[in-house]
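# from the sequence below, what's the structure:
(one chain, ligands or ions: 2)
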Amino acid sequence: MLGATGSIGRQTLDVISRAPERYQATVLTAGSKVEDLIDQCRKFKPRLAIIADDTKYEQLRDALSPLGIETASGAEALKSAAAADDVDTVVTATVGYSGLEPTIAAIRAGKDIALANKETLVVAGALINQLLKDSPSRIYPVDSEHSAIYQCLQGEKPEAVKRLLITASGGPFRTWSKEDIEKATVENALKHPNWHMGAKITIDSATMMNKAFELIEAHWLFDLPHAEVKPVVHPQSIVHSMVEFVDGAIKAQLGTPDMRLPIAYALGETRRDDLGLPHLSIADMAELTFMEPDYDKFPCLGLAKYAMERGGNTACVINAANEIAVAAFLGRKIRFTDIYATIMTTLERAPFIALPDYDAYVATNTEARAIALEIIDSLEQPR
Ligand code: NAD
Ligand code: MG
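Ligands and ions are numbered 1, 2, ... in the order given. Sure, this is the predicted structure:
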């Protein structure tokens, strides 16, 4: 588990604790929350625990070596853990670009992937799909929309699919005016109506960048080049996504908005078990509404189409600039609407690479981050 202490990581451990006869967490990793990682290791007794932040290593080792749990730190350790012999499935639950390298290592080692880290596919979807061709690895989506589509596609022929309809709650600013969105604070943006998630994805949901990323994620995940991928606003987050077929039929997957459901489906590799997770009641389904998204109020959403049409390293640039801008917004250095502005200016300045290889993605990520930081430094309105 890459990112065991985060929102997806903790919920994955909850699923594992409900089926201990089937699942064993052999490796738990975290970025810097060493105390949380130690607590999780006491409970789940993995073989190995890894902390990305080297400065926390001694604390981890001193707490876990008496329990006979191996410890390590740093990016290299994460990479080799993703390829370890006693690992069948790698759960990628880290946030942002950091998911790319260990995911590649896991695919090279033939591991299955329960993929929460959508940024991996946003940044380098073409490369990941290329690697998958020469590997027995399969990707099971954890993102609720992609899990829904995966479920709707079971038993269907690819050529029968006309459209993937990715639902979006619309985030906390769905009903706000454009003028009010310009004044949105960090607290406003962190108040997601339906989901409790890590801070970065919560801000991405408020800008709807998250939905743009999910459109790109769907493009790479489902090999359906002829099918249109379309966002649909659905404020209740009960219908997790839909597939429209050539005969006019639409299949939808519904469920309570609880990430443990798609996590369990991914870990079970499409097998369904009663893990005692919450079910929907008819009352929960009493009002389901759907509407077109507002690209004018949420310009980040339009970046998906731009990134797919321009191709190459475009989405990698967008992702890097977005990560820097979201961190700056959370640090109260820029305004909410500066997130989009920073991405656009970074796109203008970052070199375009039509056919990037792995090294080109790494270079693009480094360069686009530096450009975005420069742009943010030149904005003079800390909040
Ligand atoms: P989070 O911020 O709650 O957790 C991130 C985890 O990654 C933490 O355990 C952190 O310690 C670890 N981490 C951070 N940097 C790291 C690094 N450099 N190396 C190793 N570990 C590192 O994030 P989250 O909300 O759980 O989201 C994780 C991923 O899942 C994201 O890509 C997000 O888009 C995706 N996702 C999340 C949800 C959700 O409901 N939270 C839903 C769908 C998809
Ligand atoms: Mg999602």
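# distance of the residue in the stretch 101-250 of the chain that ligand 1 sits nearest to relative to ligand 2?
Relative to ligand 1, the nearest point of the stretch 101-250 of the chain is residue 198 (2.6 Å; C-beta to the nearest ligand atom). All C-beta atoms are positioned from the backbone trio N, CA, C, and that covers glycine. Distance of residue 198 to ligand 2, given as C-beta to the ion, to the nearest Å: 12 Å.
# check residue 215 too.
In terms of C-beta to the ion, residue 215 sits 11 Å off from ligand 2.
# for that residue, give me its contacts.
Contact analysis of residue 215 by C-beta atoms under 8 Å, 6 or more residues apart in numbering lists 166, 229, 231, 304, 305, 308.
# can you get me a residue count around the closest residue to residue 376 other than its chain neighbours?
Among residues not flanking residue 376 along the chain, residue 328 sits closest, at 4.9 Å (C-beta to C-beta, 6 or more residues apart in numbering). Neighbour count of residue 328, defined by other C-beta atoms under 10 Å: 22.
# can you tell me the element residue 328 falls in?
Assigned by DSSP states H and E, residue 328 falls within helix 314-330.
# quick one: that helix near ligand 1?
No - if you take C-beta under 6 Å from any ligand atom as the test, helix 314-330 misses ligand 1, and the best it gets is 10.5 Å.
# output the following helix or strand past that helix as CSV, nothing but the C-alphas.
Sequence order places helix 338-349 as the next helix or strand after helix 314-330, per DSSP H and E. Only the C-alpha atoms of helix 338-349 are listed here, as CSV (Å, rounded to 0.1, in the frame of the first residue of the first chain):
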residue,chain,number,x,y,z
ASP,A,338,-5.2,31.9,-9.7
ILE,A,339,-5.0,28.1,-9.8
TYR,A,340,-6.4,28.1,-13.4
ALA,A,341,-4.4,31.2,-14.3
THR,A,342,-1.2,29.5,-13.1
ILE,A,343,-1.9,26.4,-15.1
MET,A,344,-2.6,28.4,-18.3
THR,A,345,0.6,30.5,-18.0
THR,A,346,2.7,27.4,-17.3
LEU,A,347,1.2,25.8,-20.4
GLU,A,348,2.3,28.8,-22.5
ARG,A,349,5.8,28.7,-21.2
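# which residues does the closest residue in space to residue 208 that isn't next to it in sequence contact?
Distances taken as C-beta to C-beta, 6+ apart place residue 298 nearest to residue 208, at 3.9 Å, with adjacent residues excluded. By C-beta under 8 Å, 6+ apart, the contact set of residue 298 is 173, 207, 208.
# repeat the analysis, applying 10 Å as the threshold.
The neighbourhood of residue 298, defined by C-beta atoms under 10 Å, 6 or more residues apart in numbering, consists of 168, 170-171, 173-174, 178, 181, 206-209, 211-212, 231, 233, 340.
# on that earlier part again, so for the helix holding residue 328, what gets flagged as buried?
Within helix 314-330, the residues scored as buried using 16 or more other C-beta atoms under 10 Å are 314-330.
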